[in-house]
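K.L.:
okay, structure incoming, though there's no sequence with it:
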């Protein structure tokens, strides 16, 4: 187990280095940040540019800059925003709870919908409700999340004024954006709960349990569902990255002040340290979730070997 | 093939894709108006009238015509990005799986990274630097997605390489090139076809999403994502501006998803979900 843990940890670190190296390198290709800072102002002199480059540290070779970015990262320092002059880490920490609450609420909604629906579809395999649930999950795969968001605003904020159409004011404003993401995630998760439970219900130990005269309810909930949910946990964990990608788009639909809108604003103001910091934090967050999921998976299923 | 013609998901998927393809190809003949010409008297004209069947947008452009022309953008981006990613990915996967070694190791580590880095974040990073645009978007998609194809082809190659008929061909003196093309490639193409069909659906969604964010196709070109970004601002006054383009995206993506699901069930019974 310990060996597996260490190996998996190293893999995560390698992946994070890959991603941060890619992001730093790409953003470096955008050209000289010193020039970008003079956008709109009168043309800077060579002397002014050199001063700024020295202040920003961009006169050093790329790998030195990357190493100092990594060093800062370890101390929670993500650099300074070009635009506000404030530390990037402060702004990211300020925005992070909004993104996290949206992602977690969406995850909760998706599981609350997907598990019962998936169980129902598997139990009534081949019935009309099975078909209806399969259609729901196929539709969910085909819906653009931002359009679903706009339609929910249209119905629940414009027609009947149950929820605010956008913004970040209290729990009511969380409902529509998290429902948007939750419904879409629920569609794929339902599909998986259904097929995973169908697989397990066909296994020998389930037949044995039934033969022993255990009630169908007990077979389902005590024996089958527990096993069937293991691949679902992995799937949901792997989907966390995609979920955060969706959050970036849906934040824009609902004017939600999270990391996604922070990154998009950073693009329009060419605030590269802010963009780099936001993307890096999101990537670390996803890698951490993936690592946790992998480890919990190994703990839950004794059949997994740690080699 | 006979079976396909009675399969409801194949029929529905194929019908949707054909309709979208036809509107993309014959857009100038089908569209009742020029999709870029604004008629200020028709600003936010309501739908279901003879002149503007699906209504008009904030500067009086016909929504139906813009949807018909918008099919071009969605299909061009969806198909070309998947074509580029799948061709590059198949080639790399084939070589990595067959010869193994350093190429194989590098490929698998790239796959690890790609799995942990959501496309939207990658796209935001790259487009922030190279700027938005149709072909740049295609390039970013191909750049991010070829690894998926390489990974799946590599897996296929590893299992096919050990089969009896490939062993037999090798012992009969067939060269690497002949074995790769005749025996390995043709068998590895099945999962690639399935992945590519579902990939078109996925990339149409991604294109619309990025264009909606202002990171995709030029907003002056009629595209479904761009129309939705526009309609978001008039949601309180004119529901039709954002409703119809979204329906077009959903239908198109549904069509490709149905075809992809059908292909998967038909070509590989083991993958049935």
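P.N.:
Cool, got the structure. Predicted model only: the values in this text are computed from it and were never measured. Residues are numbered from 1 along each chain as shown, chains lettered A, B, ... in the order given.

K.L.:
residue A:136 contacts residue A:120, doesn't it?
P.N.:
No - assessed by C-beta atoms under 8 Å, residue A:136 is found out of contact with residue A:120, at 11.2 Å. No exception for glycine: its C-beta is placed from N, CA and C like everyone else's.

K.L.:
check contacts around residue 200.
P.N.:
You didn't pick a chain, so chain A it is. Residues counted as contacts of residue A:200 (C-beta atoms under 8 Å, 6 or more residues apart in numbering or on different chains) are A:206, A:224, A:227-228.

K.L.:
let me rephrase: I mean chain B.
P.N.:
Residue B:200 makes contact with B:78-79, B:82, B:256, according to C-beta under 8 Å, 6+ apart.

K.L.:
kindly recompute the last result at 6 Å.
P.N.:
B:78, B:82, B:256 (C-beta atoms under 6 Å, 6 or more residues apart in numbering or on different chains).

K.L.:
now the helix or strand containing the first one: mean pLDDT?
P.N.:
It stands for residue B:78. Using DSSP states H and E, residue B:78 falls within helix B:63-99. Helix B:63-99 shows an average pLDDT of 94 in the prediction.

K.L.:
and that helix, does that touch chain A?
P.N.:
No - using C-beta under 6 Å from any C-beta of the partner chain, helix B:63-99 stays clear of chain A, coming no nearer than 11.0 Å.

K.L.:
show me the domain layout of chain A.
P.N.:
A:2-88, A:95-300 (automatic domain parsing).

K.L.:
pretty sure residue A:192 contacts residue A:235?
P.N.:
Yes - under the criterion of C-beta atoms under 6 Å, residue A:192 makes contact with residue A:235 at 5.3 Å.

K.L.:
these two: which is more packed in?
P.N.:
Neighbour comparison, residue A:192 and residue A:235: the larger count goes to residue A:192, with 21 against 16 (by other C-beta atoms under 10 Å in any protein chain shown).

K.L.:
how near is the residue lying closest to residue A:114 once chain neighbours are set aside to residue B:172?
P.N.:
Distances taken as C-beta to C-beta, 6 or more residues apart in numbering or on different chains place residue A:189 nearest to residue A:114, at 3.7 Å, with adjacent residues excluded. As for residue A:189, its distance to residue B:172 is 49 Å (criterion: C-beta to C-beta, to the nearest Å).

K.L.:
count of residues packed around the single nearest residue of the stretch 51-200 of chain A relative to chain B?
P.N.:
The stretch 51-200 of chain A approaches chain B most closely through residue A:147 (3.4 Å), counting by C-beta to the nearest C-beta. Using other C-beta under 10 Å, residue A:147 has 28 neighbouring residues.

K.L.:
one more: the one 3 residues further on?
P.N.:
As a burial measure, residue A:150 scores 26 neighbours (other C-beta under 10 Å).

K.L.:
and it, what does it touch?
P.N.:
So residue A:150 contacts B:232, B:242 (C-beta under 6 Å, 6+ apart).

K.L.:
cool, and the one 3 residues further on?
P.N.:
Shown here is residue A:153, whose contacts under the criterion C-beta under 6 Å, 6+ apart are A:165, B:235.

K.L.:
phi, psi of it?
P.N.:
For residue A:153, the backbone dihedrals (degrees, to the nearest 10) come out as phi -60, psi -50.

K.L.:
so where do the helices sit in chain B?
P.N.:
With helices called from DSSP state H, chain B shows them at B:8-25, B:27-30, B:63-99, B:101-116, B:119-130, B:134-161, B:164-171, B:176-178, B:186-212, B:224-232, B:239-267.

K.L.:
okay, the ones you listed in CSV with distance to residue A:267 next?
P.N.:
Below are the helices of chain B laid out as CSV (distance: least, C-beta to C-beta, whole Å):
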stretch, distance to residue A:267
helix B:8-25, 30
helix B:27-30, 32
helix B:63-99, 20
helix B:101-116, 22
helix B:119-130, 4
helix B:134-161, 14
helix B:164-171, 49
helix B:176-178, 46
helix B:186-212, 12
helix B:224-232, 15
helix B:239-267, 23
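
K.L.:
return the most buried member of these.
P.N.:
Compared across the helices of chain B, helix B:224-232 shows the largest average neighbour count, a mean of 25 (mean count of other C-beta atoms under 10 Å in any protein chain shown).

K.L.:
what does that helix contact?
P.N.:
A:150, B:66, B:70, B:208, B:211-212, B:216, B:219, B:241-242, B:245-246, B:248-249.

K.L.:
adding distance to residue A:268, write those out as CSV.
P.N.:
What follows is the contacts of helix B:224-232, written out as CSV (distance: C-beta to C-beta, whole Å):
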residue, distance to residue A:268
A:150, 21
B:66, 25
B:70, 24
B:208, 20
B:211, 15
B:212, 15
B:216, 15
B:219, 14
B:241, 24
B:242, 22
B:245, 23
B:246, 25
B:248, 28
B:249, 25
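
K.L.:
just those: which has the poorest pLDDT?
P.N.:
Looking at these by pLDDT, the weakest one is residue B:219, with 86.

K.L.:
next secondary structure after the helix or strand harbouring the residue of the stretch 51-200 of chain A closest to chain B?
P.N.:
Assigned by DSSP H and E, residue A:147 belongs to helix A:145-153. Following helix A:145-153 in sequence order, the next helix or strand is helix A:172-201 (DSSP H and E).

K.L.:
could you check the angle helix A:145-153 makes with that next one?
P.N.:
120 degrees (axes from the mean of the first three to the mean of the last three C-alpha atoms, to 10 degrees).

K.L.:
list the buried residues of stretch A:124-134.
P.N.:
A:130, A:133-134 (16 or more other C-beta atoms under 10 Å in any protein chain shown).

K.L.:
so which of the residues you listed are also by chain B?
P.N.:
Counting by C-beta under 6 Å from any C-beta, no member of the buried residues of stretch A:124-134 reaches chain B.

K.L.:
turn these into CSV, including distance to residue A:196, secondary structure and pLDDT.
P.N.:
What follows is the buried residues of stretch A:124-134, written out as CSV (distance: C-beta to C-beta, whole Å; DSSP: H, G, I helix; E, B strand; the rest coil; pLDDT from 0 to 100):
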residue, distance to residue A:196, secondary structure, pLDDT
A:130, 15, helix, 84
A:133, 14, helix, 85
A:134, 15, helix, 82
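
K.L.:
flag the shaky bits of the chain, pLDDT-wise.
P.N.:
Since you didn't name a chain, this refers to chain A. A:31-33, A:36-42, A:300-307 (pLDDT under 70).

K.L.:
my bad, the chain I had in mind was chain B
P.N.:
Residues of chain B that meet the cut-off, pLDDT under 70, sit at B:1-3, B:268-273.

K.L.:
about what we covered before: residue A:189 and residue B:172: which has the busier surroundings?
P.N.:
residue A:189 (25 against 7).

K.L.:
verify the contact between the more buried one and residue A:116 for me.
P.N.:
No - using C-beta under 6 Å, residue A:189 is not in contact with residue A:116; the gap is 11.3 Å.

K.L.:
picking up where we left off before, now for the contacts of helix B:224-232: which two are most distant?
P.N.:
Spanning the widest gap among those are B:216 and B:241, at 18.4 Å by C-beta to C-beta.

K.L.:
not counting sequence-adjacent ones, nearest residue to the most centrally placed residue in chain B?
P.N.:
By C-alpha atoms, centre = their mean, chain B has its centre lying nearest to residue B:200, at 1.9 Å. Distances taken as C-beta to C-beta, 6+ apart put residue B:78 closest to residue B:200, at 4.2 Å, once the chain neighbours are dropped.

K.L.:
what do you get for residue B:155?
P.N.:
Among residues not flanking residue B:155 along the chain, residue B:97 sits closest, at 7.3 Å (C-beta to C-beta, 6+ apart).

K.L.:
pull out the buried residues from the biggest helix by length in chain A.
P.N.:
Longest helix in chain A, counting residues (DSSP H): helix A:88-123. Judged by neighbour count (16+ other C-beta under 10 Å), helix A:88-123 contains these buried residues: A:88-89, A:91-92, A:95-96, A:98-99, A:101-103, A:105-107, A:109-111, A:113-115, A:117-123.
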